[in-house]
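S.K.: sharing a sequence plus its predicted fold:
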Amino acid sequence: MTTTTILGACPHDCPDTCALVTTVQDGVAIKVQGNPHHPLTDGVLCTKVSRYTERTYHPDRLLHPMKRVGPKGSGQFQQVTWDEALSDIAARLNTIAQTHPERILPYSYAGTMGMVQGESIAMRFFNLLGAARLDRTICSSAGGEALTQTLGGKVGMKVQFFAQSQLIIIWGSNAITSSVHFWRIAQEAKRQGAKLVCIDPRRSETADKCDVHLALKPGTDAALALALMHELITHDWLDHDYIAQHTLGFEALRARALQWPPERAAEVCGLKLADIRQLAHDYAHIQPAAIRLNYGVQRARGGGNAVRAVACLPALTGAWRHRGGGVVLSASGHALHNGVALQRPDLHTHAKAPLINMSTIGDALNTPNLVEAVVVYNSNPVAVAPESAKVVKGFAREDLFTVVLEHFMTDTADFADYVLPATTQLEHWDIHNSYGHTDMVLNRPAIAPMGEAKTNTQIFRELAERMGMHDPVLQEDDESLCRLALQHPRNLQSAQPVTWEALLQHGFAHWPVADAPFAQGGFPTASGKCEFFSERLAAQGLDGLPDFIPNYESPSPQDRYPLAMISPPARNFLNSSFVNVKSLRDIEGEQLLEIHPNDAASRHVKDGAMVRVFNDRGSYHCKAKVSTRARPGMVVGLGIWWRKLGADGKNVNELTSQHLTDMGRAPVFYDCAVQVEAS
C-alpha cells in the first residue's frame, strides 16, 4: 500500500482560494484537507470542499463522451467514442466557421477559477477561430469596474490584517458561508476587542454573530454610504492631509454627500436614523477601521455606484494609513500574472465578431442569425443565468448546436448535442490567483483522470487538430502554461518574484504587496490618487461622482408585485456547484423561500408550506420558511438549485431579469419584485 500527499488549490469561485493537501492511497484520493502551512488556509476547509472526494468519485460522474438521442432537455444520451464525438463536433463547427465563425459562441465562467483549465487553450482556440466574444459579466464586473474607476483596479487591503482592525464592517457578505477564512480572521479581531457590523438586507448567519446588523432595503447601499460621508463631512471627522495629498475631486464629492443627510438615507434604506449616525461616528472614531465589501452590493441597478461610494470612505478618514484599515472587495489586481500570454487576445482578428453579454444569454440565443453554436465549459447557464425561461427556450432550439464540457449532467448538459467528460481539480495541473488574498496557489494532479475524462485544455487541443487548426500555440502543455503565467514583466523584475520553484516546493507563494498598500497614496489610477470624481466615467456620459440610483424594481405594498426578492447562495452550495452532492443537499434540504412572519400572515402562508413565487417573467414553487431572516417587504430565495431538482423543474432565476447594472454590464439578481401565494 502506497500513500502520498499532493499539494493543490481549491478551484471554486470563492475569495479564500485555499491551498489543499490531497492524500492518495494506491492511486485513489481518500482525503482532501487544507494545507496547514499556507497561512490563510491554516489547515481549514469549508464543508463543501472538505467533501471533494465525494464529488470526484460521485456515482453520477460523467466518464465517457455522450451524444444526445432524445429531444433537447430530455437528458437522453448514449455513450460514444472520443473519436466519434470530436469528429462530428469538428465537422459541425467547421461548417459554421467557413462562413460565419462569429456565430460560434464560447460560454464559460468560474466553474474553475484556474487560469489554465479556465481560459488558456480554450481562449486561444476561439480567438484563432474568430468566434463571438463573450462578455464575462455574470458575477463581478459591476464591482470590478467601480473599483477601477475609484481605486484604479481590483485592489485593497490585505485580508490577514483585518485581525488588527478595531472596527470591521462586513458589507453585502455572508462571510460565514462565502469566506470562512476571512470570518476566522474577523473573529480573531473580535476576541481582541473589535466591533463587528454587518450590513445586509437579510439577517444572515454572519449578522447573527456581529455586534450590529443594519438590514437595509436591497439596492440602497449607495444611499447609506453617502449618508456616512455626510456625517463625516459635517462633523469634520476627516483626514484633511490624506484627502489633500491622495484624492481627487473632494469638493465635488462633498457637494454630493451634503445632499444626503441621514434622515433622507434612513427613509430610503429603511433604517433607523440613530443607527446611521452611530455607524458614522464609529467609522470616524474607531481605528483602524476596515470594510469587507462583497459582491451582493453590486447586484442591483445602481450596484456600481454603490461600490464606488463605499470605496471612497477609507480615503476620507485616512483609514488607508493603517495595516488594519481600508476596504477590499477584490484583491486580484495585486497579482502579477501574465493573463495576456495565456489567452492571446491578439490572435482574434475577425472584425465582425460580436461581443455577447453572458448575462443576457437568453436574449442572445433568441435573436435570429446571432448564435448558431454554443460551446459551454466551466458554467451551467440554464441554471445560473437570469430570466431562465428565455435561456431554456434558446438552448432548446433544434438548430442550435451545443457542446458542453462537464463533470455531471447539469441542467445545461441536458440540452447539449454532445457532453464531453472533463477532469476535476484532483486530475489536472492548474494555477490560481485569489480575489480574497494576495497569494498564488499551484494545483498538481493528485490522481489519474477517471474513465475517459480529459482536461479542458486537452479537449480543445484535440478539437483544434480535428478542425485543421495546427497552430503551435494550441499545443502548449499544461505545465508550460502554468510556468507562462509567471512571465509577467513586473513579476520578473520584482525584488521578490513569485517563482516556479517556490510554487512546486510549497504549493503557494506570496505576491509582493505592501502591508498597507495605500498608506502613502500610490493608487493605480491615472492620477495616482483615489478618484472620488472619475473623468473616465464623465467622458462616457456617466456621472463622475458616486450617487444613489434606485432599483429597476422597487416594490411598495400596493404594487402588483409588492415584495423585493434577493437570491443569495445557499450555505452548502457554491453557485450551482455541489448541488448534486447528496450529503450537502441533505444538509440544505430543499429549495426554500424565506418570508417575514408579517408577509406570510397576510398571505395565509404557513411555515413549511409550498408557495408559488411569481412575476411577469415566470413562477416557481418551493417551500416557505417563515423567518425574521427576511426583513418585512422582502423575501429571500436561497439558490442556486439545479432546475431539475426543483419542485416544478425550475429555480429562482425563473424570476430574475436581464436588466443590467449602471456600469460593468452586470446582472441585477437582487433587483427583483415578486408576489407570493400559497399553492
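M.R.: Alright, I've got the coordinates.
S.K.: drop to CA atoms for contacts and neighbour counts, all remaining ones
M.R.: Noted.
S.K.: just want the most central residue of this protein.
M.R.: The centroid of the chain falls nearest to Cys139 when counting by Cα atoms, centre = their mean (4.1 Å).
S.K.: which residues of the stretch 151-300 of the chain fall in strands?
M.R.: 167-171, 195-199, 212-214, 247-248, 289-293 (DSSP state E, counting those that start in this stretch).
S.K.: how about the stretch 451-600 of the chain?
M.R.: According to DSSP E, counting those that start in this stretch, the strands that the stretch 451-600 of the chain contains are 508-510, 530-531, 563-566, 592-595.
S.K.: could I get those as a markdown table with mean neighbour count and distance to Pro314?
M.R.: A markdown table is the format used below for those (neighbours: other Cα atoms under 10 Å; distance: least, Cα to Cα, whole Å):
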| stretch | mean neighbour count | distance to Pro314 |
| --- | --- | --- |
| strand 508-510 | 22 | 25 |
| strand 530-531 | 30 | 10 |
| strand 563-566 | 26 | 28 |
| strand 592-595 | 26 | 34 |
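S.K.: and of those strands, who's closest to Pro667?
M.R.: Proximity to Pro667 (Cα to Cα) singles out strand 563-566 among these, at 12.6 Å.
S.K.: partner strands of that closest one and their direction?
M.R.: Sheet pairing of strand 563-566 (DSSP bridges) gives strand 634-637 (parallel), strand 673-678 (antiparallel).
S.K.: does the residue nearest to the centre of the chain count as helix, strand or coil?
M.R.: Under DSSP: H, G, I helix; E, B strand; the rest coil, Cys139 falls in the coil class.
S.K.: I figured it hits Gly664, correct?
M.R.: No. Cys139 lies out of contact with Gly664 (Cα atoms under 8 Å); the separation is 10.3 Å.
S.K.: quick check: Gly8 is in a strand.
M.R.: Yes. Judged by three-state DSSP, Gly8 forms part of a strand.
S.K.: please name the nearest non-neighbouring residue to it.
M.R.: In space, and not counting its chain neighbours, Gly8 is closest to Asn443: 3.8 Å by Cα to Cα, 6 or more residues apart in numbering.
S.K.: can you check Phe162 too?
M.R.: Gly324 (5.2 Å).
S.K.: check Phe161 too.
M.R.: Nearest to Phe161 is Gly324, by Cα to Cα, 6+ apart, at 4.9 Å.
S.K.: what is the neighbour count of that neighbour?
M.R.: A count of neighbours around Gly324, defined by other Cα atoms under 10 Å, yields 27.
S.K.: returning to that earlier point: take the strands of the stretch 151-300 of the chain and write them to JSON lines, including mean pLDDT, distance to Trp500 and mean neighbour count.
M.R.: Below are these laid out as JSON lines (pLDDT from 0 to 100; distance: least, Cα to Cα, whole Å; neighbours: other Cα atoms under 10 Å):
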{"stretch": "strand 167-171", "mean pLDDT": "98", "distance to Trp500": "35", "mean neighbour count": "25"}
{"stretch": "strand 195-199", "mean pLDDT": "98", "distance to Trp500": "39", "mean neighbour count": "23"}
{"stretch": "strand 212-214", "mean pLDDT": "98", "distance to Trp500": "44", "mean neighbour count": "20"}
{"stretch": "strand 247-248", "mean pLDDT": "98", "distance to Trp500": "38", "mean neighbour count": "21"}
{"stretch": "strand 289-293", "mean pLDDT": "98", "distance to Trp500": "31", "mean neighbour count": "27"}
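S.K.: of these, which is nearest Leu134?
M.R.: Comparing those under Cα to Cα, the one sitting nearest is strand 289-293, at 26.6 Å.
S.K.: I'd like the next helix or strand past that closest one.
M.R.: As assigned by DSSP states H and E, the chain's next helix or strand after strand 289-293 is helix 303-317.
S.K.: could I get the CA-only coordinates of the lowest-mean-pLDDT helix or strand in the chain as PDB?
M.R.: Least confident element among the helices and strands of the chain, by mean pLDDT, DSSP states H and E: helix 582-588 (a mean of 71). Extracted in PDB, the C-alpha atoms of helix 582-588 (Å, rounded to 0.1, in the frame of the first residue of the first chain):
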ATOM      1  CA  LYS A 582     -26.100  14.200  -1.800                       C
ATOM      2  CA  SER A 583     -24.600  14.800   1.600                       C
ATOM      3  CA  LEU A 584     -24.600  18.500   1.000                       C
ATOM      4  CA  ARG A 585     -28.100  18.500  -0.500                       C
ATOM      5  CA  ASP A 586     -29.300  16.600   2.500                       C
ATOM      6  CA  ILE A 587     -27.900  19.300   4.800                       C
ATOM      7  CA  GLU A 588     -29.500  22.000   2.700                       C
END
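S.K.: distance between it and the chain's centre?
M.R.: 22 Å (Cα atoms, centre = their mean, to the nearest Å).
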